[in-house]
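**Student:** below is the sequence, then the predicted model.
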Amino acid sequence: MKDIVIPSQKVKREVYILLGCFIFAFLLNIACIIIYKTRWIEIFTQIGYVIVIAVVLYLFVAFIRFLVYLIRKSLRKNSSSGV
């Protein structure tokens, strides 16, 4: 059976995207604390929701990236076969 090798550059890119989603969700949590004037302890108590939102955002971004990949692939296929 063949081993699957994932280059470190791709792993780093995915980690950065996930980290960006987490930071966005964390900032969204802070914004909601400010808007609704709740206690600042919710930064720590709502971390589970922040993680869930970050994962959902990551999956959404992954879906959009997959759609862009499919569109690019189909455009390349059409442009190379039409020559």
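**Tutor:** Perfect, I can see it now. Numbers count the residues shown, from 1 in each chain.

**Student:** hang on, residue 21 packs against residue 52?
**Tutor:** No: checked against Cβ atoms under 8 Å, the pair residue 21 and residue 52 is beyond contact range at 11.1 Å. Just so you know, the C-beta spots here come from the backbone N, C-alpha and C atoms, and that holds for glycine as well.

**Student:** neighbour count: the two, which is higher?
**Tutor:** It is residue 21, of residue 21 and residue 52, that has more neighbours when counted by other Cβ atoms under 10 Å, with 21 against 11.

**Student:** ok, now how distant is that one from residue 38?
**Tutor:** The gap separating residue 21 from residue 38 is 23 Å, by Cβ to Cβ, to the nearest Å.

**Student:** just residue 11 next, same as before
**Tutor:** Distance from residue 11 to residue 38, by Cβ to Cβ: 37 Å.

**Student:** again, but for residue 5
**Tutor:** From residue 5 to residue 38 the distance is 47 Å (Cβ to Cβ).

**Student:** ok, those two, which is more surrounded?
**Tutor:** Taking neighbours as other Cβ under 10 Å, residue 5 and residue 38 compare with residue 38 leading, 11 against 5.

**Student:** report the separation between that one and residue 18.
**Tutor:** The value you get for residue 38 to residue 18, if Cβ to Cβ is used, is 27 Å.

**Student:** element containing residue 54?
**Tutor:** Per DSSP states H and E, residue 54 falls inside helix 47-81.
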